[in-house]
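# Below are the sequence and a predicted model; questions follow.
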There are 2 protein chains.
Amino acid sequence: MEHKPQTDISTLGEFGLIRHLTENFPPRNASTLKGVGDDAAVLDYGNKRTLVTTDLLLEGIHFDLTYVPLKHLGYKSAVVNFSDIYAMNGRPRQITVSLGLSKRFSVEDMEELYAGIQLACNIYGVDLVGGDTSASLTGLTISITCIGEGEEGKIVYRNGARENDLICVSGDLGAAYMGLQLLEREKHVYAGESDFTPAFEGKEYILERQLKPEARKDIIAELDKRHIVPTAMMDISDGLSSELHHICTQSHTGCRIYEERIPIDYQTAVMAEELNMSLVTAALNGGEDYELLFTVPLGSHDEVAAIPGVHIIGHITAPSLGLYMISRDGNEIELRAQGWNSLSEESDDKTTEASE
Amino acid sequence: MEHKPQTDISTLGEFGLIRHLTENFPPRNASTLKGVGDDAAVLDYGNKRTLVTTDLLLEGIHFDLTYVPLKHLGYKSAVVNFSDIYAMNGRPRQITVSLGLSKRFSVEDMEELYAGIQLACNIYGVDLVGGDTSASLTGLTISITCIGEGEEGKIVYRNGARENDLICVSGDLGAAYMGLQLLEREKHVYAGESDFTPAFEGKEYILERQLKPEARKDIIAELDKRHIVPTAMMDISDGLSSELHHICTQSHTGCRIYEERIPIDYQTAVMAEELNMSLVTAALNGGEDYELLFTVPLGSHDEVAAIPGVHIIGHITAPSLGLYMISRDGNEIELRAQGWNSLSEESDDKTTEASE
């Protein structure tokens, strides 16, 4: 990107920039009656429920542009919001994107960011319907709100888990966190070297999980096809342990999960070994997996087990039994609700947080 | 506030802070099925249209905490979003609030901010249904999304103005801008003096317009009572001149407005005189008025003129006639679409922008 001519954003101004960036986002959903260009977007959800979720991403806190390409950042910023809508058993339909931009960003930079947002919108069938763009004194701020639809009686909350329900997760865990550790390591190695080639070979999967995560639209479709409505569900953004605490607290239950059943990719394991970090800690507390964590009644066991990529990792218990993981050697380890908490004391060092 | 004990935000953590700040926001709208506490809020708009608008406010760009109390900032942040929904002839029903917070903010600071948001929600009957809270490396970031309802056939866009329509504005213009000039002046005088009392006497109105603006819910109700649906409408956030450009561009029309008919409060005029600034420029380009600008067919003249606080300031013309203001001495002055543009070159100095 450094070789392309860069256009100062002031040449377009606020309205010009919005127009320029949003002109390639034609609406595709019937629920989008009016998108960008007025005081508000106009949507028609008919007899469907409207779902709303929002995320604020700040440079230096949530992303580091020294190793995150802007297109990937745009893609991920959109997808993490879609993930929240799927986690309600809904379908994302519209997003608004607000940007705060410091002077170091050019029009071409924003085109990259929007190319990523557009790719995500294309793949997930979502319309960009509005936003706000502003100058910023420092860095890049991205605020995305996603609106989606859900059907009455099929929306899944965090509070519906019942004793003996099975605990399921999609995909595998800890990879995005290990991808981040790899990027951080290479960034430190890179510092001071001019012709540095980062050592990413054989680690493509964990990098992709960190830089270009996907929302589990496919799992929601599989559940729907099998007429399974989970009793509770959420997406894993802060880490399995933290999310289990949310579900158990809101459902007034406890849980038992089994270490040996937690799905982990081999690249995640290799990276943990290489960095001498605890693999299970990465899987429990790493976060940013954007996999689905859900509970279903015991009777759905066979049907759920048949869905590709879904793993049954434990079960819901009475609240008095607490939240525990049974380790490979049979010990009960209490699950802590730490997760990735950018407002906690440890926020300066993500490594510390997940290294208990 | 400086005398109260201050609680470090890290003592609550992200989830604790959200819970603490949002526990006093019980839902009041039938359309709010589920608010804070899950991956997404759940709304039911039945056969109504869903309206969505969003605003990003950054410290140092949109507000200066040296003279803006946090409670006022919370109130204003919410109200400016409500204003966008009213500007579609809709009714605001829900908001999400996302915050980026640097370490200098305490729990008590955020309580102040949320007290302002809550006051606005109480007055306008809006539910807080979600948000995101994060650490920030610098300053305060506020991102608010407002969801509202509109009735099919009664939603008013910017593109419906027709030749000969009357151009109407509510309230008066330029006061918020003059309030800002006053605050900036007192801030500069204050610099270096320890026992300084700012000279605000007799200027309460322009200060209130800047610090605690209201959305024109009342005008929307009056229009509805009289069965008037404007042909085009928007709220005046960037300045009358800029908003007229939006309406005329989207409606493919021109316009004529009359300087002598532009409503201006006497405190605005006194302040402009005191600061030796152009009063009409403040009214045309000052912005942040949050009044409604709308057009109605000529036949609605008497009914619109009877609404308290509505002023007919001109009419819509053929596009070839351009956008002009007729000055008091009969000259035609072309309206420029500058407004308040934080991404333009002049963004470092708001004074420059409106002083043509």
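Perfect, thanks for sending it.

# three-state assignment of residue A:172?
Three-state assignment for residue A:172 (DSSP: H, G, I helix; E, B strand; the rest coil): coil.

# CA atoms only for stretch A:128-135 - export them in CSV, please.
Provided in CSV are the C-alpha atoms of stretch A:128-135 (Å, rounded to 0.1, in the frame of the first residue of the first chain):
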residue,chain,number,x,y,z
LEU,A,128,-24.6,-1.4,5.1
VAL,A,129,-27.3,1.2,6.0
GLY,A,130,-25.6,4.1,7.8
GLY,A,131,-22.9,5.4,10.0
ASP,A,132,-20.9,8.4,11.0
THR,A,133,-17.4,9.5,10.1
SER,A,134,-15.4,11.9,12.1
ALA,A,135,-11.9,13.2,12.7
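
# Find the closest residue to chain B in the stretch 101-250 of chain A.
residue A:143 (3.7 Å; CB to the nearest CB). (C-beta placed from N, C-alpha, C; glycine too.)

# Not counting its neighbours along the chain, what's nearest that residue?
Nearest residue to residue A:143 in three dimensions, chain neighbours excluded: residue B:143, at 3.7 Å (CB to CB, 6 or more residues apart in numbering or on different chains).

# cool, and residue A:337?
residue A:245 (3.7 Å).

# re earlier: just grab the bridge partners of the residue of the stretch 101-250 of chain A closest to chain B for me.
residue A:56, residue A:98 (DSSP bridges).

# shouldn't it be in contact with residue A:98?
Yes - counting by CB atoms under 8 Å, residue A:98 is a contact partner of residue A:143 at 4.2 Å.

# What about the residue of the stretch 101-250 of chain A closest to chain B, how many residues nearby?
For residue A:143, the count of nearby residues is 29 (other CB atoms under 10 Å in any protein chain shown).

# And for residue A:221?
Residue A:221: 13 surrounding residues under other CB under 10 Å.

# And residue A:275, by the same measure?
Residues within reach of residue A:275, counting by other CB under 10 Å, total 15.

# so is the residue lying closest to it once chain neighbours are set aside in a helix, a strand, or just coil?
Nearest residue to residue A:275, sequence neighbours excluded (CB to CB, 6+ apart): residue A:181, at 5.7 Å. Classification of residue A:181 using three-state DSSP returns helix.

# Give me the below-cutoff pLDDT ranges for the stretch 251-356 of chain A.
By pLDDT under 70, the weakly predicted segments of the stretch 251-356 of chain A are A:338-356.

# in it, which spans are strands?
Using DSSP state E, counting those that start in this stretch, the strands assigned to the stretch 251-356 of chain A run over residues A:254-258, A:292-296, A:310-317, A:323-326, A:332-334.

# and the third one with strand A:254-258, angle?
Using axes from the mean of the first three to the mean of the last three CA atoms, to 10 degrees, the direction of strand A:310-317 lies 140 degrees away from that of strand A:254-258.

# Return the list of helices and strands in contact with strand A:310-317.
Where contact means 3 or more CB pairs under 8 Å, 6 or more residues apart in numbering or on different chains; DSSP states H and E, strand A:310-317 is packed against strand A:166-170, strand A:254-258, helix A:301-305.

# what comes into contact with the second one?
When contacts are taken as CB atoms under 8 Å, 6 or more residues apart in numbering or on different chains, the neighbours of strand A:254-258 outside the stretch itself are A:167, A:240, A:244, A:247-248, A:313-326, A:335.

# Quick one: buried ones out of these?
Among the contacts of strand A:254-258, those scoring as buried are A:167, A:240, A:244, A:247-248, A:313-317, A:323-326, A:335 (criterion: 16 or more other CB atoms under 10 Å in any protein chain shown).

# Pull the contacting residues for residue A:100.
A:134-136, A:139-142, B:56, B:58, B:61, B:141.

# Of all pairs in those residues, which one is the farthest apart?
Farthest apart among those by CB to CB are A:142 and B:61. That separation is 15.5 Å.

# who's more crowded, those two?
Per other CB under 10 Å, whichever of residue A:142 and residue B:61 has more neighbours is residue A:142, with 26 against 18.

# which residue sits closest to that one, ignoring its sequence neighbours?
In space, residue A:142 is closest to residue A:57, 4.4 Å off (CB to CB, 6+ apart).

# Is it correct that that neighbour is in contact with residue A:113?
No - between residue A:57 and residue A:113 there is no contact under CB under 8 Å: 11.1 Å.

# anything in contact with each of the two?
Common neighbours of residue A:57 and residue A:113 (CB under 8 Å, 6+ apart) are residue A:142.

# Among the two, which residue is more densely surrounded?
Between residue A:57 and residue A:113, counting by other CB under 10 Å, residue A:113 is the more crowded of the two (25 against 20).

# give me phi/psi at that one?
phi -60, psi -50 (degrees, to the nearest 10).

# wouldn't it be in contact with residue A:73 here?
Yes - using CB under 8 Å, residue A:113 makes contact with residue A:73 at a distance of 6.3 Å.

# shared neighbours, those two?
By CB under 8 Å, 6+ apart, the residues touching both residue A:113 and residue A:73 are residue A:142.

# Any buried residues in stretch A:103-116, and which?
Going by neighbour count (16+ other CB under 10 Å), the buried part of stretch A:103-116 is A:105-107, A:109-116.

# How about stretch A:18-36?
Counting neighbours by 16+ other CB under 10 Å, one finds that the buried residues in stretch A:18-36 are A:18, A:20-22, A:25, A:27, A:29, A:31-36.

# sorry, back to before: quick one: which of the strands of the stretch 251-356 of chain A is nearest residue B:301?
strand A:292-296 (58.6 Å).

# counting contacts, what elements does that closest one pack onto?
For strand A:292-296, the packing partners by 3+ CB pairs under 8 Å, 6+ apart come out as strand A:166-170, strand A:232-235, helix A:240-251.

# please redo it, this time with the cut-off set to 6 Å
For strand A:292-296, the contact count by 3 or more CB pairs under 6 Å, 6 or more residues apart in numbering or on different chains; DSSP states H and E identifies strand A:166-170, strand A:232-235 as packing neighbours.

# how about these in a markdown table, adding mean pLDDT?
Below are those laid out as a markdown table (pLDDT from 0 to 100):
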| stretch | mean pLDDT |
| --- | --- |
| strand A:166-170 | 98 |
| strand A:232-235 | 97 |
